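Undergrad: can't give you the sequence, but here's the structure:
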C-alpha cells in the first residue's frame with residue numbers, strides 16, 4: 001500500500017510541475033491527459049488572413065473569436081494587441097476528430113471595427129486544421145490546431 005501511495009504522489013507531483021498551465025485552467029486531470037490548443041493570428045483584411053506574399057498587414061486587435069460546434073458557441077477568446085488568440089480545451093470534453101470535422105472559428109466582431117473601409121455586416125469563418133502535437137515535460141501533450149483560412153461570410 002505504501003508503494004502505491006508513493007507512486008501516486010510521485011505522478012501527481014510530476015504532473016503539477018510539468019503542466020502548471022493545464023492544471024490551472026483544466027484541473028489536474030487535464031495536465032495528466034494533455035490538452036487541445038487552437039491558436040492563430042487574425043489580420044484586419046476582408047478575409048482575416050495575411051496579405052499576399054507576406055506583405056505588411058495590420059492585425060485585428062480586440063476581436064471576439066468564437067469556437068462553434070454544431071451551431072453552438074463552446075468557447076471564446078479575444079485577440080490581443082498583436083491579433084493573436086488562443087483557446088485551450090479539455091480533451092475529455094472535446095474529441096479531436098470531432099473538432100476538426102464539426103467545429104469552426106467565427107469572428108463575431110465586425111471587420112469595420114478595425115478598418116472603416118471593410119464591411120460592417122457579416123463576419124469571418126474558418127474551418128480547423130490539426131498541425132501536430134507538442135510535448136511539454138514528461139506528461140503533457142498538446143494537440144495544436146490552427147485556422148485553416150478565414151473567409152468572409154455576408155450577413156443574411
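TA: Great, that's in hand. Worth saying up front: this structure is predicted, and the values here are computed from it rather than measured.

Undergrad: what residue lies at the spatial centre of this protein?
TA: The centroid of the chain falls nearest to residue 38 when counting by Cα atoms, centre = their mean (2.2 Å).

Undergrad: Note down every partner strand of the helix or strand encompassing it and its orientation.
TA: Element membership for residue 38, per DSSP states H and E: strand 35-41. Under the criterion DSSP bridges, strand 35-41 sits next to strand 84-89 (antiparallel), strand 140-147 (parallel) in its sheet.

Undergrad: Show me where the chain has its helices.
TA: For the chain, the helices defined by DSSP state H occupy 2-18, 20-26, 28-33, 96-102.

Undergrad: For residue 112, see how far away residue 89 is.
TA: Residue 89 sits 30 Å away from residue 112 when distances are taken as Cβ to Cβ, to the nearest Å. All C-beta atoms are positioned from the backbone trio N, CA, C, and that covers glycine.

Undergrad: Correction: the previous question concerned residue 85.
TA: Distance of residue 85 to residue 112, computed by Cβ to Cβ: 19 Å.

Undergrad: quick one: which of those two has more around it?
TA: Per other Cβ atoms under 10 Å, whichever of residue 85 and residue 112 has more neighbours is residue 85, with 23 against 13.

Undergrad: what residues are up against that one?
TA: 39-42, 63, 65, 77-79 (Cβ atoms under 8 Å, 6 or more residues apart in numbering).

Undergrad: and it, what are its bridge partners?
TA: Residues in beta-bridge contact with residue 85 (DSSP bridges): residue 40.
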